[in-house]
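Enquirer: When you get a sec, could you give me coordinates for this:
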Amino acid sequence: MELLQATLESITEANKEMMEKAKEKVDSLCKPLGSLGKLEKIAIQLAGITEKLELDVSNKAVIALAADHGVYEENVSNNPQFVTVMQAIGFAKGFTGVCAIARAAGAKVVSVDVGIKEDLPESSGVINKKVRYGTANMAKGPAMSREEAIRAIEAGIEVANEQVKQGVNVLATGEMGICNTTASSAVLAALFKYDPAEVTGMGAGVDSLQHKIDVIRRAIEINKPDPEDPIDVLAKVGGLELGGMAGVVLGAAANRVPVVIDGFISTVSALIAYKLEPKVKDYIIPSHLSEEPGAKIASELLGVEPMLNMNMRLGEGSGAALAFPILDAACSMINTMTTLEQSGEYMQKVMADQIV
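Expert: Numbers count the residues shown, from 1 in each chain. As a prediction, this is how the structure comes out:
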């Protein structure tokens, strides 16, 4: 709890004065005002986060947290639970979907076990931050204790801190956990008092969507999570990787590092972080709009607008990795474009040389 509390207390707003300076610079570039749209907004946001006008997000990392879910017992997924282990190792070895996209974006993928049911060998390359061996079945009782929920958040903070110490200057959140769309829908419904039917989708595959909705509804009724207490919601109907991703968002903000969030599950995790400390919103950059029905609702609640709509629903941090080059472009724009005044001076010299 000490790490979480210290992290929350260290988070400050983005530097508004630096954002004004960045806006002045962007507006002075050789282009019509606002013509580069969201690219301009991203550059201005990055300036406020880093407190610099010369921007650099060249050292990128997707932190992919993996954990298992006890609600798997309720047949809310038609995928084998062993996939969690398989993909966590795949993150570390570089052969999953997010790895392919991250490789193209010049980013690394950091695989973290925050609650897988199995013990992974050290040779797997997966960082061991295991809080417990998967959550309990939330349809029968709390998914985890409050203390375990806090430990999951702190595990994410620890990994974020470690990556920043290694020189990483932009983070992204990713995950793996069979049934984690069930947990995410439950958290979103409980935290903002939605009917589960409004925020629940097929996830990676389920035989009956109505059964999945009924399980989530039962979990909320049994556990009665407090919507005013995000840790209580996380503990009762959430997942360990959701807590870990919330911790990554908090850790990024505390270190004044931008964090790109992926789709539905990552956005719900960011909402947990936001409910704990609203100032984290200044550091969040949304990537894509997931195909999951709760994704749009979650983004609107967070007050962010995803920049991409690629009909993706893989998870893993894949959409966040896909957005990394857009951040590079925003940095290149503010760092290398000439101003209207500079272009005018250059053209005067060119024309003078031609006349001579």
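Enquirer: distance of the most centrally placed residue in the chain from Ala104?
Expert: Closest to where the C-alpha atoms of the chain average out (C-alpha atoms, centre = their mean) is Ile261, at 2.6 Å. For Ile261, the distance to Ala104 equals 19 Å [C-beta to C-beta, to the nearest Å]. In short, each C-beta sits where N, CA and C put it, glycine included.
Enquirer: any idea how far Leu171 is from Thr267?
Expert: 15 Å.
Enquirer: now Leu8
Expert: Applying C-beta to C-beta to Leu8 and Thr267 gives a distance of 20 Å.
Enquirer: for Thr12, same thing?
Expert: On the measure of C-beta to C-beta, Thr12 and Thr267 end up 23 Å apart.
Enquirer: now do Lys279
Expert: For Lys279, the distance to Thr267 equals 17 Å [C-beta to C-beta].
Enquirer: Which one's more surrounded, the two?
Expert: Between Lys279 and Thr267, counting by other C-beta atoms under 10 Å, Thr267 is the more crowded of the two (32 against 13).
Enquirer: right, and that one touches Ile261 too?
Expert: Yes: counting by C-beta atoms under 8 Å, Ile261 is a contact partner of Thr267 at 5.7 Å.
Enquirer: Now for those two: what residues contact both?
Expert: Counting by C-beta atoms under 8 Å, 6 or more residues apart in numbering, the common neighbours of Thr267 and Ile261 are Pro286.
Enquirer: hang on, Leu171 in a helix?
Expert: No: counting by DSSP: H, G, I helix; E, B strand; the rest coil, Leu171 is not part of a helix but strand.
Enquirer: Need the pLDDT of it.
Expert: For Leu171, the pLDDT comes out at 98.
Enquirer: dump the residue contacts of it.
Expert: With contact taken as C-beta under 8 Å, 6+ apart, Leu171 is in contact with 60-63, 160, 163-164, 248, 251-252, 257-260.
Enquirer: cutoff 7 Å now
Expert: The neighbourhood of Leu171, defined by C-beta atoms under 7 Å, 6 or more residues apart in numbering, consists of Ala61, Ile63, Ala160, Gln163, Val248, Ala252, Val257, Val259.
Enquirer: Just say helix, strand or coil for the residue lying closest to the third one once chain neighbours are set aside.
Expert: I take that to be Ala160. Ranked by C-beta to C-beta, 6 or more residues apart in numbering and with sequence neighbours excluded, the top spatial neighbour of Ala160 is Gly251, at 2.8 Å. Following three-state DSSP, the label given to Gly251 is helix.
Enquirer: In the stretch 201-350 of the chain, mark out all the strands, start to finish.
Expert: For the stretch 201-350 of the chain, strands defined by DSSP state E, counting those that start in this stretch occupy the ranges 259-261, 284-286.
Enquirer: Would you point to the one among the ones you listed that's packed deepest?
Expert: strand 259-261 (a mean of 30; mean count of other C-beta atoms under 10 Å).
Enquirer: Report all helices and strands that that strand contacts.
Expert: strand 170-176, helix 240-254, strand 284-286, helix 318-336 (3 or more C-beta pairs under 7 Å, 6 or more residues apart in numbering; DSSP states H and E).
Enquirer: Provide the strand pairings for it, with the direction of each partner.
Expert: According to DSSP bridges, strand 259-261 forms sheet pairs with strand 170-176 (parallel), strand 284-286 (parallel).
Enquirer: what distance separates that strand from the centre of its chain?
Expert: 4 Å (C-alpha atoms, centre = their mean, to the nearest Å).
Enquirer: next one: stretch 39-56
Expert: 19 Å.
Enquirer: can you list the residues that contact that stretch?
Expert: Against stretch 39-56 from outside (C-beta under 7 Å, 6+ apart): 14-16, 18-19, 21-23, 25-26, 34, 57, 169, 256, 258, 282-283, 285, 326-327, 329-331, 333-335.
Enquirer: thinking again about what came up before, out of the helices and strands packed on strand 259-261, which gets nearest to Val131?
Expert: helix 240-254 (5.5 Å; C-beta to C-beta).
Enquirer: tell me which strands and helices the closest one is in contact with?
Expert: Using 3+ C-beta pairs under 7 Å, 6+ apart, helix 240-254 is in contact with helix 2-10, strand 60-67, strand 107-115, helix 146-165, strand 170-176, helix 180-192, strand 259-261, helix 264-276.
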